[in-house]
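>>> After the sequence you'll find the predicted model.
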Amino acid sequence: MIIRESSARIASYQIYRRLWLPAVEPRARVLLVHGLAEHIGRYDRVAEFLTQCGYVVHGFDLPGHGRSSGRRVYVRRFGELTSVLDACVRWTNQQPPTLPLFVYAHSVGALVAVTWLLSASRPPHSVVLTGPCIRIPDHVSPPTRALAVMLSWLLPWAGVSAVDAHGVSRDPIEVRRYVEDPLVVHGKTTARLAGELMTAIRRLTDAVHRITVPCLILHGGSDPIVDPDSARWLHRALGSTDKQLAIFEDLYHEIHHEPERMA
């Protein structure tokens, strides 16, 4: 496996990119989209597995994450995230564009990917969504949702919530790696980003039926960070005729970092 690093100016951000090349003739391309507060370097083992299977793997750090520029876990508009994703999809065409393209997106990255699909000029062959953060939990009342969006404008840089490291994986080694990773944002998410995510979810709710790309949805059944009902709802709502859902009963949020990944 060969790893190449680069960066590009996209949507006023300097975006860090990583490319993993297989040692054999490639069979397809995969674009990885990471989740909230993390970075693409945490997907090295996923990429290693995929390259061993003959895939060219691309990845990048979202704005305000990892090695990309921008205030940490902050965006002015959610559309900046989809614009960066769209540019990185075009970047994958540096590899033979005739190779099928698959998108593998996790958590908030899944929200970005699914939203992007609504306007993608050249949709991928299919998408894999893990732990998709795609629906606001029912226990969050409409007034609370409205207040969150209002706060995002009044106090955009205020911290509102943080990812619970112990909900990432049942594997204590993975939890320790997460906690000790200097590129992971361990503080609270900004009110601005949180409000933009909630607005994006609300808009997507009424439009997701328009998506017809083949889709595989995977979720940990004991995920304490994103309710598995989010995946169940998405599976029902997608307009795709080729769609599958798998809920893994005991697994937490990052199924690719659970002990069962080695099974």
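Right, received. Where do you want to start?
>>> Quick check: pLDDT value at His139.
His139 is assigned a pLDDT of 65 by the prediction.
>>> buried residues in the helix or strand that contains Arg4?
Secondary structure assigned from DSSP states H and E places Arg4 in strand 2-10. Under the neighbour-count criterion of 16 or more other CB atoms under 10 Å, strand 2-10 has Ile10 buried. Using the backbone N, CA and C atoms, a C-beta is placed for each residue, glycine as well.
>>> Tell me the helices and strands packed up against it.
strand 13-21, helix 79-91 (3 or more CB pairs under 8 Å, 6 or more residues apart in numbering; DSSP states H and E).
>>> can you redo those as JSON lines with mean neighbour count and mean pLDDT?
JSON lines is the format used below for the helices and strands packed on strand 2-10 (neighbours: other CB atoms under 10 Å; pLDDT from 0 to 100):
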{"stretch": "strand 13-21", "mean neighbour count": "20", "mean pLDDT": "98"}
{"stretch": "helix 79-91", "mean neighbour count": "19", "mean pLDDT": "97"}
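>>> Return the residues in contact with the residue nearest to the spatial centre of the chain.
Residue closest to the mean C-alpha point of the chain, counted by CA atoms, centre = their mean, is Gly109 at 1.7 Å. Applying CB atoms under 8 Å, 6 or more residues apart in numbering, we find Gly109 in contact with Val33, His34, Gly35, Leu62.
>>> swap the cut-off to 10 Å and go again
Under the criterion of CB atoms under 10 Å, 6 or more residues apart in numbering, the neighbours of Gly109 are 32-36, 38, 40, 62, 65, 81, 85, 103, 129-133.
>>> Check Arg9 too.
Ile15, Ser69, Ala87.
>>> wouldn't the last one be in contact with Ala11 here?
Yes. Using CB atoms under 10 Å, Ala87 is in contact with Ala11, at 7.3 Å.
>>> Run me through the strand neighbours of the strand holding Arg4, direction for each.
strand 13-21 (antiparallel) (DSSP bridges).
>>> Just the C-alpha atoms of the helix or strand that the partner strand is followed by, please, in CSV.
Taking DSSP H and E as the definition, the helix or strand that follows strand 13-21 towards the C-terminus is strand 28-33. The C-alpha atoms that make up strand 28-33 are tabulated as CSV, following Å, rounded to 0.1, in the frame of the first residue of the first chain:
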residue,chain,number,x,y,z
ALA,A,28,-12.7,0.6,-8.1
ARG,A,29,-12.4,3.9,-6.2
VAL,A,30,-13.6,4.6,-2.7
LEU,A,31,-14.0,8.0,-1.1
LEU,A,32,-14.1,8.1,2.7
VAL,A,33,-16.0,10.8,4.6
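>>> angle of strand 28-33 against helix 79-91?
With axes from the mean of the first three to the mean of the last three CA atoms, to 10 degrees applied, the angle from strand 28-33 to helix 79-91 works out at 160 degrees.
>>> so how far is strand 28-33 off the chain centroid?
Per CA atoms, centre = their mean, to the nearest Å, the displacement of strand 28-33 from the mean C-alpha position of its chain is 12 Å.
>>> packing partners for that strand?
Counting contacts by 3 or more CB pairs under 10 Å, 6 or more residues apart in numbering; DSSP states H and E, the secondary-structure elements packed against strand 28-33 are strand 13-21, helix 44-52, strand 55-60, helix 79-91, strand 101-106, helix 108-117, strand 126-130.
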